[in-house]
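Visitor: my questions are about this predicted structure, shown below with the sequence.
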Amino acid sequence: METKFYRGVWVTKKSLTGFFESFIDKQPIFTDKKVLQSNYTPDFVSHRDEQVSQIGKIIGPALRKERPSNIFIYGKTGTGKTLTATYTTQQLNDVAKEKNIPIQILYLNCKLKKIADTEYRLIAQLTRELGREIPATGLPTDEIYKIFFQIIEEQGKIIIIILDEVDQLIKKAGDEILYNLTRINSELKKSQISIIGISNDLVFADNLDPRIKSSLSEEEIVFPPYNALQIQSILKERSKKAFKEGVLQPGVIEKCAAYAAREHGDARRALELLRVAGEVAERNNEEKVMIEHIDQAEEKIERDRVLDIVMTQPKQHQATLYSIIKTKEINKKIFTGEAYEFYKSLCNRISLRPLTQRRISDIVAEFDMLGIINASIISKGRYGRTREIELAVPDHNIRKITEILEEGLELS
DNA sequence: AGGTATTCACATGAAACTATTCTCTGAGTTAGG
DNA sequence: TAACTCAGAGAATAGTTTCATGTGAATACCTGT
């Protein structure tokens, strides 16, 4: 019998056959799980009527071949921004297609690494969506702009570009892109573009160049968080399709909703929670989803998230985290300098080229952002200023993390 | 005692550097006519 | 002569290093009582 440690899980080859067989006669809990996945677009959007009609009114003129105003959409995560935007534009697109009006919708998520997170890549990706292959690298940026410009002009359409999570893009690549994009219109003869920017960050536009801000947010729409009742109704709607009838115990939906409402009305999280709760129940061979499963799901989501982050971290980052954990074992409170000392000796041990403290400082800050550690800057007066680092992971997960790190760093 | 000035140990910022991946171009090479 | 190969120049990008500057409060140092 063979057992090995694979991607943070112990895998055994024993009795796999029987294991798979049990799947066949198991009563399924789900009828259609993808309804609960975050990329699912339902047939209609609930509790967002007002926003839908606002957007509709703004982009409607596109049907008369007029350029719609640029729209800026704000709202926290899981408030249905992306969904509403794609839904309305999709409707518009359907009508346009029927009446043969040349409109094209481009949706782009600026957060996606390697796809649309820099100026070059954004334009390149847009051009690709318009049906022209662009190499990933090697060309000057203005060359890409030229091609982009040319292909838009060729198409002679009204093009609506949805930029999801623009704040991420601006943070990484600066606001010139938006400026260039809005400016292009004045040079276009046959086509026009209009931009729908979506942002999670409510204050993000404030530190934007005023020119860009005014041209980008000709119209602004704010998405308020859902309240608990709205989330409940969304969950009910979706679960009707996703689960077999009667599998959900009473109170399950209410609890999911309550949990999500606690976190500023994040519907996405509520849906994920419900889905994972279902998976947990399924895995436990139970026929009903019970309230306890939600707690388990909550824990599992968090645990998976952390383990996944740790596992996919590059070596230097892993070494840093390992140093933090190990230094932590000795002292209760640790500071950047102490972790760095350990890190240096660790590098020596595993023959890894040590990075400067400057860099480690940034890596520590990154882990803080990811929520793996809590690092707060404190001043120890005469004895300097530093980050005080604490682990933000429950104790029972640390052992697992250490294991993964030792695996990744080839320590034994 | 009360008020300033110092000082520590990093944090934070900006710019420059390195390595990798990829395109484009033009010189040199090859093979067929 | 057309097709092909291949090296070199130039770009974009991620990850770092180098250099420079910033910073909060515990202490050291004054001051006048």
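Guide: Received the coordinates, thanks.
Visitor: quick one: secondary structure of A:Ile195?
Guide: strand (DSSP: H, G, I helix; E, B strand; the rest coil).
Visitor: then A:Ile170?
Guide: Going by three-state DSSP: A:Ile170 is helix.
Visitor: what does the pLDDT read for it?
Guide: pLDDT, A:Ile170: 86.
Visitor: verify the contact between it and A:Leu178 for me.
Guide: Yes. Under the criterion of C-beta atoms under 8 Å, A:Ile170 lies in contact with A:Leu178, with a separation of 7.2 Å. Glycine gets a C-beta too; all of them are placed from N, C-alpha and C.
Visitor: between those two, which contacts overlap?
Guide: Each of A:Leu208 lies in contact with both A:Ile170 and A:Leu178 under the rule C-beta atoms under 8 Å, 6 or more residues apart in numbering.
Visitor: can you pull the residues of the stretch 301-412 of chain A lying near DNA strand C?
Guide: A:314, A:316, A:353-356, A:358-359, A:379-385 (C-beta under 7 Å from any atom of the strand).
Visitor: now the buried members of the residues you listed.
Guide: For these, a burial check counting by 16 or more other C-beta atoms under 10 Å picks out A:316, A:354-355.
Visitor: what distance separates the helix or strand containing A:Ala96 from the centre of its chain?
Guide: Here A:Ala96 sits within helix A:81-99, counting by DSSP states H and E. Mean-position distance between helix A:81-99 and its chain equals 23 Å (C-alpha atoms, centre = their mean, to the nearest Å).
Visitor: also stretch A:163-176?
Guide: 14 Å.
Visitor: that stretch vs DNA strand B: in contact?
Guide: No. Shown here: stretch A:163-176 not in contact with DNA strand B (C-beta under 7 Å from any atom of the strand), separated by at least 11.3 Å.
Visitor: now what about that stretch, what contacts it?
Guide: For stretch A:163-176, using C-beta under 8 Å, 6+ apart, the contacting residues are A:82, A:85, A:107-111, A:116-119, A:122, A:177-178, A:195-201, A:204, A:208-209, A:212.
Visitor: ranges for the strands of the stretch 201-350 of chain A?
Guide: Assignment of strands within the stretch 201-350 of chain A using DSSP state E, counting those that start in this stretch yields the ranges A:219-223, A:334-335.
Visitor: tell me the most buried of these?
Guide: strand A:334-335 (a mean of 22; mean count of other C-beta atoms under 10 Å).
Visitor: which elements pack onto that one?
Guide: helix A:315-330, strand A:385-391 (3 or more C-beta pairs under 8 Å, 6 or more residues apart in numbering; DSSP states H and E).
Visitor: give me the pLDDT value at the residue nearest to A:Tyr179 when sequence neighbours are not counted.
Guide: Excluding its sequence neighbours, the residue lying closest to A:Tyr179 (C-beta to C-beta, 6 or more residues apart in numbering) is A:Ile212, at 5.1 Å. A:Ile212 carries a pLDDT value of 82.
Visitor: then A:Ile193?
Guide: 91.
Visitor: interface residues of chain A facing DNA strand B?
Guide: Residues of chain A lying near DNA strand B (C-beta under 7 Å from any atom of the strand): A:135-139, A:335-338, A:357-358, A:361, A:364-365, A:377, A:380-387.
Visitor: inside helices: which ones of these?
Guide: Counting by DSSP state H, the residues of chain A next to DNA strand B place A:336-338, A:357-358, A:361, A:364-365 in helices.
Visitor: which of the residues you listed lies closest to A:Gly56?
Guide: A:Ala365 (42.4 Å; C-beta to C-beta).
Visitor: measure the closest one to A:Gly337 for me?
Guide: 15 Å (C-beta to C-beta, to the nearest Å).
Visitor: cool, and A:Ala124?
Guide: Taken as C-beta to C-beta, the span from A:Ala124 to A:Gly337 is 43 Å.
Visitor: what does A:Ser191 give?
Guide: In terms of C-beta to C-beta, A:Ser191 sits 57 Å off from A:Gly337.
Visitor: who's more crowded, those two?
Guide: Counted by other C-beta atoms under 10 Å, A:Ser191 and A:Gly337 do not tie: A:Ser191 has more neighbours, with 20 against 12.
Visitor: got the contact list for A:Gly408?
Guide: A:Gly408 neighbours (C-beta under 8 Å, 6+ apart): A:311, A:313, A:315, A:318.
Visitor: next up, the contacts around whichever residue of the stretch 201-350 of chain A sits closest to DNA strand C.
Guide: Among the residues of the stretch 201-350 of chain A, A:Gln316 lies closest to DNA strand C, at 4.4 Å counting by C-beta to the nearest atom of the strand. Applying C-beta under 8 Å, 6+ apart, we find A:Gln316 in contact with A:352, A:355, A:359, A:363.
Visitor: just send those residues back as JSON lines, with pLDDT and distance to A:Ala228 too.
Guide: Below are these laid out as JSON lines (pLDDT from 0 to 100; distance: C-beta to C-beta, whole Å):
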{"residue": "A:Leu352", "pLDDT": "93", "distance to A:Ala228": "49"}
{"residue": "A:Leu355", "pLDDT": "96", "distance to A:Ala228": "47"}
{"residue": "A:Arg359", "pLDDT": "97", "distance to A:Ala228": "44"}
{"residue": "A:Ile363", "pLDDT": "97", "distance to A:Ala228": "39"}
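Visitor: now the helix ranked longest in chain A: mean pLDDT?
Guide: Ranked by residue count, the top helix of chain A under DSSP H comes out as helix A:291-311. The pLDDT scores in helix A:291-311 average 93.
Visitor: and that helix, C-alpha only, in PDB?
Guide: Presented in PDB, the C-alpha positions along helix A:291-311 are these (Å, rounded to 0.1, in the frame of the first residue of the first chain):
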ATOM      1  CA  ILE A 291     -26.900  23.700  10.700                       C
ATOM      2  CA  GLU A 292     -23.800  22.100  12.100                       C
ATOM      3  CA  HIS A 293     -22.500  21.700   8.600                       C
ATOM      4  CA  ILE A 294     -22.400  25.400   8.200                       C
ATOM      5  CA  ASP A 295     -20.000  25.800  11.000                       C
ATOM      6  CA  GLN A 296     -17.900  23.100   9.500                       C
ATOM      7  CA  ALA A 297     -18.100  24.700   6.200                       C
ATOM      8  CA  GLU A 298     -17.100  28.000   7.600                       C
ATOM      9  CA  GLU A 299     -14.000  26.500   9.100                       C
ATOM     10  CA  LYS A 300     -13.200  24.400   6.000                       C
ATOM     11  CA  ILE A 301     -13.400  27.500   3.700                       C
ATOM     12  CA  GLU A 302     -11.000  29.400   5.900                       C
ATOM     13  CA  ARG A 303      -8.700  26.500   6.300                       C
ATOM     14  CA  ASP A 304      -8.600  25.700   2.600                       C
ATOM     15  CA  ARG A 305      -8.000  29.300   1.800                       C
ATOM     16  CA  VAL A 306      -5.000  29.500   4.100                       C
ATOM     17  CA  LEU A 307      -3.500  26.100   3.100                       C
ATOM     18  CA  ASP A 308      -3.900  27.000  -0.600                       C
ATOM     19  CA  ILE A 309      -2.100  30.300  -0.100                       C
ATOM     20  CA  VAL A 310       0.700  28.700   1.800                       C
ATOM     21  CA  MET A 311       1.100  26.000  -0.700                       C
END
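Visitor: thank you, goodbye.
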